[in-house]
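Peer 1: Using only what follows, build the 3D model:
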Amino acid sequence: MRPLNPYFLFLLFVIFSCSRPSQELVLFSDLDSQPGLSGKAEYLNSPFAAAGDRVYLVGHQDGTFPDLGWHVEGEMGGIWLHPIKLMDGFTASVSVEENTFCLDQANVFTNYPFSNVLNFSKPEVGIAVDRLQFVPDGREGMVILFRIKNVDNSDKAIRFDFNAYVDLMPVWLGERTGMIDHPDEITFSDQTNTFTGKDQGNDWFVVWGSAEGIALNPTESASCTMSPKGNGTNAGFGLDINLPAESEQIIPVFISGSTESELKALETLADLRSNLQSDWMAKKERYEAIQALSKINIPDKELQQAVEWTKYNTDWLVRDVPGIGRGFGAGLPDYPWFFGVDSEYTIQGLITTGRKDLVYSTIELIHRLSQKENGNGRIVHEVSTNGVVFNPGNINETPQWVSTIWEVYRWTGDREFLETYFPSIEKGLSWLLEENDKDGNFLADGYGMMEIHGLESEMIDVAVYSQKAFADAAKMAEILGKSELSKSYQQTADALSVKINSDFWVPEFGSYADFIGTSEDALHLIDGAIIRADTLNKPWAVAELQATKAKLSILPKGQKQGFVLYHNWVVNTPMETGIADPEKSRIALETGRKYTNPFGVFVTGIDRDERAENEDGSFVGSKSFSYTGAVMTLPTGVSAIGENNYGNPDQALDYLKRMTRSFSFALPGSIYEVSPDYGMFTQAWNLYSYAVPIITQFFGIKPDAGNKEISIRPQMPSTWEEASIQKVIIGDNEISMSYVDKSGVLAIEVEQTQSKWGISIEISEEFTKVKILGKEVSSDTQNGYRRILMTGKKVRVEASK
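Peer 2: The predicted structure follows:
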């Protein structure tokens, strides 16, 4: 081990002499007041995360740290301080007399909103060990607490060993910014009682130690080992503990890192030691606030719990990277960095659940990265945490950005926000059609949500999201006094609406087309789709595709038309945005219900067969990571939103209940990206799939914060007689709402903090007897609904037929 500079040691002495005794026991005792969810024994060999906005840990629920992930193969687990990794993980063991037990076979894993605990029971020698992980907000470090319990009536001499596997290395694409990995080295300081790991070619550091007063004894070897990839190394310590009968001792391990200096990492370690209890309570308070915002109370308690935890899941994905910005990543473990489209979906859920802070910082981050990379309004697709752009943007992301800005404005009424981002909206819409619409028909060419090789013609989702973007941009332009631009945008939106409902509609399939192209475009795609369907043993899909291929020979060469090949989920986007003609929507929604299994909607419909509805076990993926055969939460949420848009809340609820079957399936408290247990074990856009159909459609909350008015038109499932939602933030207002529909009487009550805001409650014309509580401003009837506009702190409408 390399020696430390004496002057540097003096500085460290000053830092650590100021530390207060830690209060680790508070963390364990406080867990009794938190909602914990225990996992299944069969999924102990699967991943979990303990996450903060600077540091997170990914390991397995059994206590091990296997090589995980494929972006940087085998390196996506462990402890990360983006844009670098700190450790591959660690091992720990307890020895009683001649028996040594590696803490790598947990009996139970329990997840909490912002921490987790692994339980190891060794009844044969009368001990049990709990391992708790906690990552504070805003700190470049974390704490692991080992609570060793003597559970019988004899005193015990116990040996505890801990071994850290340092692997200081760069994030994915680090080499593009000169981040080159070198071998690591470890030193131990007797003066500070800490270990330091350093990458020999970079100022990347990781430091770890225990509590003040616990003298560590470095060990040359460990009883329990790992064999991770990379240029890392390992070092450990041992402690001898005398544990009286029926007593316990907590051994904390504090871990911190830095991309600047060893001193900074040591300062962080000292802060972790000194502020453990206050950090815990501060994070607990913040999570209680997350839970309280847009808090729903609905008859389906499993769905209610899934919605609550999905809000927590999203917070686990927040990455605050110095020099890059603060935003949320797409998913763990392989997508911890920033995405345009994932943000665009997720933000629509975040803004309905009161997370304006995270919405604004993420939008600012994506906008800045896009401006730097593209400068023309095009929105980036994928950016690593070192700022390297992997994909400058798929075609759909730019129009979806436009609608995201509009949606946020509707909830905030922030004109300055609108003025800030509208110039990039103008640039982006120009780029969309001027550079990507070769034949000038308003349909941009290029990849949309379905990144299937070759599927880059005029895609249905690109067309639909473009239509909505131009319609939303028209509203924004009008607000900003750009009337002529508004008219132009609306004309484009209207033209796209016609094209979507004519050119993309394929009557023989009862579906909107995957894409519009020529027979030549379709031919090479069909061959690939046939191979895929045949490989997956989907004979119906092979027969359908071969029939389509046979028809291609009689089509005029060069003629464009809509093709249904893959039955991709994006054919449901016309219903998601509400642009589908009512009769076409009825047919298309019915068609879409065929491409499901018990967990939701297939990404690619040809992956489904008649067995799918009965297949509700573990997902069987390919040897290399692939979405082939996948059912995912985003397509399922899109289908639920589409059903609600056309008056089918019971069918929307069916989709949400399917999606919820994945909740806690493999990781307690989380929903996998691919249902029920494949891919990312937590995924940001799940929030979109829950919050939008429940908050904006079932509860019917439609804000117009710019005009200080909120429209309420509930559309509840028929089985929900009562429901309520609390603390919905809209602009500077906050509303709570209750809904009761019993014995032929409908009652809707809304409370708000800003009494002068208008609350518009809309009820069906079928209700002829109406009683109003509140100051009525106006009343009218539109599209079969009576609209009652009121003001006041509390407004209420009671109605019967």
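
Peer 1: Name the nearest residue to V166, ignoring sequence neighbours.
Peer 2: Spatial nearest neighbour of V166, excluding adjacent residues (C-beta to C-beta, 6 or more residues apart in numbering): G197 at 3.6 Å. In short, each C-beta sits where N, CA and C put it, glycine included.

Peer 1: and that neighbour, how far is that from C224?
Peer 2: The gap separating G197 from C224 is 19 Å, by C-beta to C-beta, to the nearest Å.

Peer 1: These two: which is more packed in?
Peer 2: G197 (27 against 19; other C-beta atoms under 10 Å).

Peer 1: if I've got this straight, the more buried one is in a helix?
Peer 2: No - read with DSSP: H, G, I helix; E, B strand; the rest coil, G197 is strand and lies in no helix.

Peer 1: does it really touch N231, like I thought?
Peer 2: No - at 11.3 Å, G197 does not count as touching N231 under the criterion of C-beta atoms under 8 Å.

Peer 1: Identify the residue spatially nearest to the residue positioned nearest the centre of the chain, adjacent ones excluded.
Peer 2: For the chain, the residue nearest the mean C-alpha position is A684 (1.1 Å; C-alpha atoms, centre = their mean). The shortest distance from A684 to any non-neighbouring residue, by C-beta to C-beta, 6+ apart, is to T346 (4.3 Å).

Peer 1: Ramachandran angles for the one you found?
Peer 2: T346 adopts backbone torsions of phi -60, psi -40, taken as degrees, to the nearest 10.

Peer 1: do the one 5 residues further on as well
Peer 2: In terms of degrees, to the nearest 10, the main-chain angles of I351 are phi -70, psi -30.

Peer 1: Tally up the residues packed near the nearest residue to it once chain neighbours are set aside, please.
Peer 2: Sequence neighbours aside, W411 is the residue nearest to I351 in space, at 4.6 Å (criterion: C-beta to C-beta, 6+ apart). Residues near W411, counting by other C-beta under 10 Å, number 24.

Peer 1: domains in this structure, as residue ranges please.
Peer 2: What automatic domain parsing lists as the domains of the chain is 25-287, 700-800.

Peer 1: Out of those domains, which is the most enclosed?
Peer 2: The highest mean neighbour count among the domains of the chain, using mean count of other C-beta atoms under 10 Å, belongs to domain 25-287: a mean of 19.

Peer 1: Now the terminal residues of it, how far apart.
Peer 2: Start-to-end span of domain 25-287 (C-alpha to C-alpha, to the nearest Å) is 20 Å.

Peer 1: and it, how far from the chain's centre?
Peer 2: Centre-to-centre, domain 25-287 and its host chain are 24 Å apart (C-alpha atoms, centre = their mean, to the nearest Å).

Peer 1: So in the protein, where's the weakest helix or strand by average pLDDT?
Peer 2: helix 6-17 (a mean of 42; mean pLDDT, DSSP states H and E).

Peer 1: Past that helix, which element shows up next along the chain?
Peer 2: With elements assigned by DSSP states H and E, the helix or strand that comes after helix 6-17 is helix 24-30.

Peer 1: helices or strands next to that next one in the packing?
Peer 2: Helices and strands touching helix 24-30, by 3 or more C-beta pairs under 8 Å, 6 or more residues apart in numbering; DSSP states H and E, are strand 127-134, strand 141-150, strand 248-258, helix 276-292.

Peer 1: What's the first helix or strand after that helix?
Peer 2: Using DSSP H and E, the next helix or strand after helix 24-30 towards the C-terminus is strand 37-38.

Peer 1: Show me what that next one is packed against.
Peer 2: Checked by 3+ C-beta pairs under 8 Å, 6+ apart, strand 37-38 has strand 108-111 packed alongside it.

Peer 1: Report all helices and strands that the strand it packs on contacts.
Peer 2: strand 37-38, strand 115-122.

Peer 1: in its sheet, what does the longest one sit against?
Peer 2: Using DSSP bridges, the neighbouring strands of strand 115-122 in the sheet come out as strand 108-111 (antiparallel), strand 127-134 (antiparallel).

Peer 1: give me every residue that touches G354.
Peer 2: I290, L293, S294, K727, V728, I729 (C-beta atoms under 8 Å, 6 or more residues apart in numbering).

Peer 1: Leaving out sequence neighbours, find the closest residue to it.
Peer 2: According to C-beta to C-beta, 6+ apart, the nearest residue to G354 is L293 (3.3 Å).

Peer 1: Tell me how many other residues surround the one you found.
Peer 2: Look at L293: counted by other C-beta under 10 Å, it has 16 neighbours.

Peer 1: any chance of the domains of the chain in CSV, with mean pLDDT and distance to E397 too?
Peer 2: CSV is the format used below for the domains of the chain (pLDDT from 0 to 100; distance: least, C-beta to C-beta, whole Å):
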stretch, mean pLDDT, distance to E397
domain 25-287, 96, 19
domain 700-800, 96, 24
